[in-house]
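Q: need a structure here:
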Amino acid sequence: MGITQNYKLNLIQWYPGHIAKAEKNLKEQLKRVDVILEVRDARIPLSTHHPQMKEWVGNKARVLVLNRVDMILPQVRSLWTEYFQAQGEVPYFTNAQQGQGITAIAKAAQAAGVELNQRRKERGMLPRPVRAVVIGFPNVGKSALINRLLGRRVVESAARPGVTRQLRWVRISDQLELLDAPGVIPSRLDNQAAAVKLAICDDIGEASYDNQLIAGAFVDILNELQEINPHALPGNPLLSRYDLDSIIHTGEAYLHLLAEHRYKGDVERTARQLITDFRKGLLGTIPLELPPAHV
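A: Model prediction:
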């Protein structure tokens, strides 16, 4: 989708020392890992793909996890399944908050390690638990996923992205050990269209961005989706919630109209409300990306 390319965002490259340090630490730990669980946000599977992932995975096994499946419609899930399968990948969809899809992830990670223990056996070595690591952007639901895999709360989970700082191993079962890694964001977010979506979904956390620009971009993305593939959306979400249709307006114009309509002309408050309503799921199940073939 090209429309967000025009937004000149005041995006601070949020890259504090602890993330730089964690990334260095992660590279060290990866030497001891057999399987990588890459967690992405099901609303924006392309924008939550870390550009260094290929380098980190190398020749290790990788399990692709698309979390927050509850925030997209089943038909959108089907489109992504087809898209990834055409690329030779099997996407695993989860709702880590509710525990949906977790068993399949554990099985996939263990299956990837069967080969490892087969090789160990051939060399006369004893089998050992498969070592997996969970990697993804801040806030995509990694901690919730690990807690679900463990069946108990051990990993601190916080709304503030980047709170998981220490790398630690947690044993899931006799067959599986997990390394909990901090959320890693690229040192630079060169792709502004992706950066906008990350900001809307709260997946880059404390970056400084302009709420009004982000909210306007969100409305533009919705309008474009409504024209291209209305079946990907639950009806007309903005009209349903605010009694004001966005389709004939630009995002910026809609924001000002909505401010007059509902919030006494307070555009900043309107922008924050719009973004919050989306994040809380109050506008319904809305993806911000569709597979390229369906755009």
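Q: wait, a strand at residue 220?
A: No. Residue 220 is assigned helix when assessed by DSSP: H, G, I helix; E, B strand; the rest coil, not a strand.
Q: and it, how far from residue 228?
A: Separation of residue 220 from residue 228 (Cβ to Cβ, to the nearest Å) stands at 12 Å. Any C-beta I mention is one placed from the backbone N, CA and C, and that applies to glycine too.
Q: look at the two and report which has more neighbours.
A: residue 220 (22 against 12; other Cβ atoms under 10 Å).
Q: do you know how far that one is from residue 75?
A: 22 Å.
Q: equivalent analysis for residue 140, please.
A: In terms of Cβ to Cβ, residue 140 sits 22 Å off from residue 75.
Q: neighbour count for these two, which is higher?
A: Between residue 140 and residue 75, residue 140 has the larger neighbour count (other Cβ under 10 Å), namely 30 against 10.
Q: so the more buried one makes contact with residue 42?
A: No. Using Cβ atoms under 8 Å, residue 140 makes no contact with residue 42, being 9.3 Å away.
Q: could I get the average pLDDT for the strand or helix carrying residue 20?
A: Per DSSP states H and E: residue 20 is located in helix 17-30. Averaging pLDDT along helix 17-30 yields 74.
Q: name the helices or strands packed onto it?
A: Here helix 17-30 is seen to pack against helix 53-57, strand 130-136 when contacts are counted using 3 or more Cβ pairs under 8 Å, 6 or more residues apart in numbering; DSSP states H and E.
Q: so where is the stretch 51-200 of the chain shaky, pLDDT-wise?
A: Counting by pLDDT under 70, the stretch 51-200 of the chain shows low-confidence ranges at 152-167, 182, 187-190.
Q: 80 - rerun?
A: 151-168, 180-192 (pLDDT under 80).
Q: any idea where the helices of it begin and end?
A: Under the criterion DSSP state H, counting those that start in this stretch, helices of the stretch 51-200 of the chain are mapped to 53-57, 74-86, 102-122, 142-150, 192-200.
Q: quick one: closest of those helices to residue 183.
A: helix 142-150 (6.9 Å; Cβ to Cβ).
Q: the closest one vs strand 130-136, what angle?
A: Angle, helix 142-150 to strand 130-136, by axes from the mean of the first three to the mean of the last three Cα atoms, to 10 degrees: 150 degrees.
Q: which other helices and strands does helix 142-150 contact?
A: Looks like helix 142-150 contacts strand 35-41, strand 61-67, helix 102-122, strand 130-136, strand 176-180 (3+ Cβ pairs under 8 Å, 6+ apart).
Q: of these, which is nearest residue 251?
A: strand 35-41 (20.9 Å).
Q: from the centroid of the chain, which residue is nearest?
A: residue 41 (2.3 Å; Cα atoms, centre = their mean).
Q: if we can go back for a sec, redo the helices and strands packed on helix 142-150 as TSV? Include distance to residue 94.
A: Compiled in TSV, the helices and strands packed on helix 142-150 are given as follows (distance: least, Cβ to Cβ, whole Å):
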stretch	distance to residue 94
strand 35-41	8
strand 61-67	5
helix 102-122	6
strand 130-136	11
strand 176-180	15
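Q: tell me which of the ones you listed approaches residue 169 most closely.
A: strand 176-180 (5.5 Å).
Q: pull the CA atoms of that closest one into PDB?
A: In PDB, the C-alpha atoms belonging to strand 176-180 read as follows (Å, rounded to 0.1, in the frame of the first residue of the first chain):
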ATOM      1  CA  LEU A 176      12.200 -27.900  25.300                       C
ATOM      2  CA  GLU A 177      14.100 -25.000  26.700                       C
ATOM      3  CA  LEU A 178      13.200 -21.400  25.900                       C
ATOM      4  CA  LEU A 179      15.300 -18.200  25.800                       C
ATOM      5  CA  ASP A 180      13.400 -15.100  26.500                       C
END
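Q: adjacent strands (with direction) for that strand?
A: The pairing partners recorded for strand 176-180 under DSSP bridges are strand 130-136 (parallel), strand 168-171 (antiparallel).
Q: tell me the domain boundaries of the protein?
A: Per automatic domain parsing, the domain ranges recorded for the chain read 15-180, 210-294.
Q: can you list these in TSV and add distance to residue 193?
A: Conversion of those to TSV gives the following (distance: least, Cβ to Cβ, whole Å):
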stretch	distance to residue 193
domain 15-180	8
domain 210-294	9
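Q: looking at the ones you listed, which is nearest to residue 201?
A: In terms of Cβ to Cβ, the element of the domains of the chain nearest to residue 201 is domain 15-180, at 5.7 Å.
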